[in-house]
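Peer 1: Prediction below, plus the sequence it came from.
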Amino acid sequence: MANNKSARKRIITNNRNRLNNRYYKTSVRTLTKLFLKNLEKEQTLESKKNLQMILNSIYSFLDKGTKKNVFHRNTAARQKARLASKLSTSN
């Protein structure tokens, strides 16, 4: 356990940051799984709009996470490029 006041404060700050990071990472992971699952299904006009909405949400989480240093910018760019490529090849 922490021996001084600043170490206790650090523990609180680290825990808060860990929860924020977890929120972004799990949201991206969950939305990516949903995106890939819907991508395998037969494509209709409505499902394509749904896929684009999910992809926009993923982009949003990745960009906000990058801004808050949850993701490295190259990691976010790579994930976005891969997902966009999968969407374009499925059409």
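Peer 2: Looks like it arrived, so ask away. Residues are numbered from 1 along each chain as shown.
Peer 1: for this structure, what's the longest helix?
Peer 2: Longest helix in the chain, counting residues (DSSP state H): helix 5-40.
Peer 1: Need phi/psi at residue 58.
Peer 2: phi -60, psi -50 (degrees, to the nearest 10).
Peer 1: ugh, wrong one, residue 72
Peer 2: According to degrees, to the nearest 10, residue 72 has phi -70, psi 150.
Peer 1: surely it meets residue 62?
Peer 2: No. Between residue 72 and residue 62 there is no contact under C-beta atoms under 8 Å: 10.8 Å. Bear in mind the C-beta positions are built from the backbone N, C-alpha and C, glycine included.
Peer 1: Counting by contacts, list what the longest helix of the chain packs against.
Peer 2: helix 45-67, helix 73-90 (3 or more C-beta pairs under 8 Å, 6 or more residues apart in numbering; DSSP states H and E).
Peer 1: I'd like the distance between the residue nearest the centre of the chain and residue 37.
Peer 2: Geometric centre of the chain, nearest residue: residue 28, 2.5 Å, by C-alpha atoms, centre = their mean. To residue 37, residue 28 is 15 Å away according to C-beta to C-beta, to the nearest Å.
Peer 1: do the same with residue 20
Peer 2: For residue 20, the distance to residue 37 (C-beta to C-beta) stands at 27 Å.
Peer 1: And residue 50, by the same measure?
Peer 2: To residue 37, residue 50 is 11 Å away according to C-beta to C-beta.
Peer 1: Which one of the two is surrounded by more residues?
Peer 2: Counted by other C-beta atoms under 10 Å, residue 50 and residue 37 do not tie: residue 50 has more neighbours, with 15 against 10.
Peer 1: I am finished for the moment; much appreciated.
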